[in-house]
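Chemist: Next input, structure requested:
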Amino acid sequence: MAIVGDKKHIAFEIGSYWADSIQQQHITIWIGNKPINPIDDVVYLPTFYTMLKKEIDRIETNEFIRLDCNGLQPDEIFNRLENEASTMFQVLNYDSTTCAAICYFLKYDSKSTILFKYWDDRHKPSEEIGRVYSVDISKDTLLKVMKEALGKLSDVWV
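Modeler: From the prediction side, this is the model:
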């Protein structure tokens, strides 16, 4: 097992292959000391690898224009993003079967932040469902961790 990044901000915990399959692997993504895929950590590597690579490219080329969030709390910002269907800010959502949280990366005020909320009713503890969490992280740090994780994944699936 390898941990890329730090769980306090963002980390990818890369585990063993599942049932000796080179196409499926145990991977847990951590944000703010919380796993965002606690229910099912087995990912289908061809999809996960491709989506992670595309997301790195998207984040590198996107300036994540500041939102006017003057005086808004993280849950109010999250709700605004949800209501506006702001998929351009959405990150780390590679597969709805493994990801139990919706995550956004954005700049507001003077910081870069990942906002996330658990949506899956199977999540435990259940009192965390619907609560918005906020973790300050720079774009450079996010990209560094994502690129290092991508480098540790196999791209040989057959």
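Chemist: tell me the centre residue of the protein?
Modeler: In the chain, the centroid-proximal residue (Cα atoms, centre = their mean) is Leu92; its distance is 2.9 Å.
Chemist: Show me where this protein has its strands.
Modeler: With strands called from DSSP state E, the chain shows them at 2-6, 10-17, 24-31, 34-35, 42-44, 90-91, 101-108, 111-118, 132-136.
Chemist: if we can go back for a sec, how much space between the residue nearest to the centre of the chain and Ile36?
Modeler: 6 Å (Cβ to Cβ, to the nearest Å). In this view, the C-beta of every residue, glycine as well, is placed from N, C-alpha and C.
Chemist: Can you give me the buried ones in the lengthiest helix in the chain?
Modeler: Using DSSP state H to define each element, the chain has its longest helix at helix 45-61. Residues of helix 45-61 classed as buried: Leu45, Phe48, Tyr49, Leu52, Glu55, Ile56, Ile59 (neighbour count, 16 or more other Cβ atoms under 10 Å).
Chemist: and Trp30, what is it in contact with?
Modeler: With contact taken as Cβ atoms under 8 Å, 6 or more residues apart in numbering, Trp30 is in contact with Gly5, Lys7, Ile10, Ala11, Phe12, Glu13, Ile36.
Chemist: Contacts only, for the first one.
Modeler: Residues near Gly5 by Cβ under 8 Å, 6+ apart: Ala11, Phe12, Trp30, Val145, Glu148, Ala149.
Chemist: The helix or strand bottoming out on mean pLDDT in the chain: how far from the chain's middle?
Modeler: Least confident element among the helices and strands of the chain, by mean pLDDT, DSSP states H and E: strand 101-108 (a mean of 87). Centroid separation for strand 101-108 versus its chain: 9 Å, with Cα atoms, centre = their mean, to the nearest Å.
Chemist: what do you get for stretch 52-70?
Modeler: Taking mean C-alpha positions (Cα atoms, centre = their mean), stretch 52-70 and its chain are 13 Å apart.
Chemist: Quick check: end-to-end length of that stretch?
Modeler: End-to-end span of stretch 52-70 (Cα to Cα, to the nearest Å): 31 Å.
Chemist: is it true that His9 touches Asp140?
Modeler: No. His9 is beyond contact range of Asp140, at 12.0 Å (criterion: Cβ atoms under 8 Å).
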